[in-house]
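A.B. asks: Just a sequence and a predicted model for now, questions to come.
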Amino acid sequence: MVRFAASLLALLSLLTPAAAQTPPAPSAQSATQPKPPAKKAAAKPKAPAKPAEQATAGPCGIGVIAATQDLFVVQKIGLTVFGNDYAEVPVSWGLDDLTFARVRAAAGTTPVRRIPYAKGAFDSYYHPKGGLFRNRRDELSNLVRGIAGNAGCERYVVVMRNEGQLDGTNQTLSGVGIFSRGVGPISYAYVFVYVGVIVVDGQTFEIRKGPAVTFEGVMKHLADNFVDNEFLRKVDKSVFPETAADAANNTALRDTTRDFLTKRLDKILPPYFAQ
């Protein structure tokens, strides 16, 4: 019995130290690291909304058809008919873009939409073939109807090439261009801008009366025609291109033309948006 008790005590003495030991603290490497908070995906910047005047869908109050066709006229007026020359030169000067920008500026807060048209759409109107008599109003009305398609604008503002006769001659100046007159040291050159504004009803496509139809408008139009350089701006003879094709790369001529066109449009457009 004594031997059994002694053996039991010996066994307890071996087990007790092992059971009393506390487990070692986990090392820094084995400790569970807290997970960093998940990063939120950066929000993609929203695309800027298109201004109302450039919208291509939705209700359309005013559709703008800029119809200079980006053509520039180079014209020589000689002492006789044999010295005359006329050429239309396609230029990449953004004349139609500039025209639309000035209409948008004149419109103020009124939304406008640019109406595109196929290249050459106005050719038959500007250069009709045959026939002594023509109904320009019907031609233009049908032309705008075809260009507008299903745009559904309340009205259309058409800025197009116009024409006028050079004083003291039987020569016509048309659209935007430059002419020279005379020979040698007595010759001179002018840039000219003849553009007109037509408003077309969006439902009937009839041409509406413009602001010049009023008595005050007619008197103002007559007065404007007597102002020097209203449609003409004198330039140095060196600006006149040696050949018509050279005009397209003439930066001095381009800048003068764009500046003159801007001033003409800023003068004639506002009354159409004051009605």
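C.D. replies: All right, it came through fine. Numbering: from 1, shown residues only.

A.B. asks: residue contacts, the residue nearest to residue 102 when sequence neighbours are not counted?
C.D. replies: Ranked by CB to CB, 6 or more residues apart in numbering and with sequence neighbours excluded, the top spatial neighbour of residue 102 is residue 265, at 4.0 Å. From N, CA and C alone the C-beta is placed, and that goes for glycine too. Counting by CB atoms under 8 Å, 6 or more residues apart in numbering, residue 265 touches 98-99, 102-103, 106, 159, 195.

A.B. asks: Among the residues you listed, name the ones in strands.
C.D. replies: 159, 195 (DSSP state E).

A.B. asks: helix or strand for the residue nearest to residue 102, which one?
C.D. replies: helix 251-268 (DSSP states H and E).

A.B. asks: Could you list the buried residues of that helix?
C.D. replies: By neighbour count on 16 or more other CB atoms under 10 Å, the buried set for helix 251-268 is 253-254, 256-257, 260-262, 264-265, 268.

A.B. asks: Over to stretch 97-112?
C.D. replies: Along stretch 97-112, these residues count as buried under the neighbour rule (16+ other CB under 10 Å): 98-100, 102-104, 106-107, 111-112.

A.B. asks: do stretch 232-239 as well
C.D. replies: 232-233, 235, 239.

A.B. asks: coming back round to it: now the buried residues of stretch 97-112 in TSV, with pLDDT and distance to residue 186?
C.D. replies: Below are the buried residues of stretch 97-112 laid out as TSV (pLDDT from 0 to 100; distance: CB to CB, whole Å):
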residue	pLDDT	distance to residue 186
98	98	34
99	98	35
100	98	40
102	97	36
103	97	40
104	95	43
106	96	40
107	94	45
111	88	52
112	93	46
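
A.B. asks: Of those, just say which sits nearest to residue 211.
C.D. replies: residue 106 (12.1 Å; CB to CB).

A.B. asks: quick one, what contacts that closest one?
C.D. replies: The contact partners of residue 106, taken as CB under 8 Å, 6+ apart, are 265-266, 269-270, 272-273.
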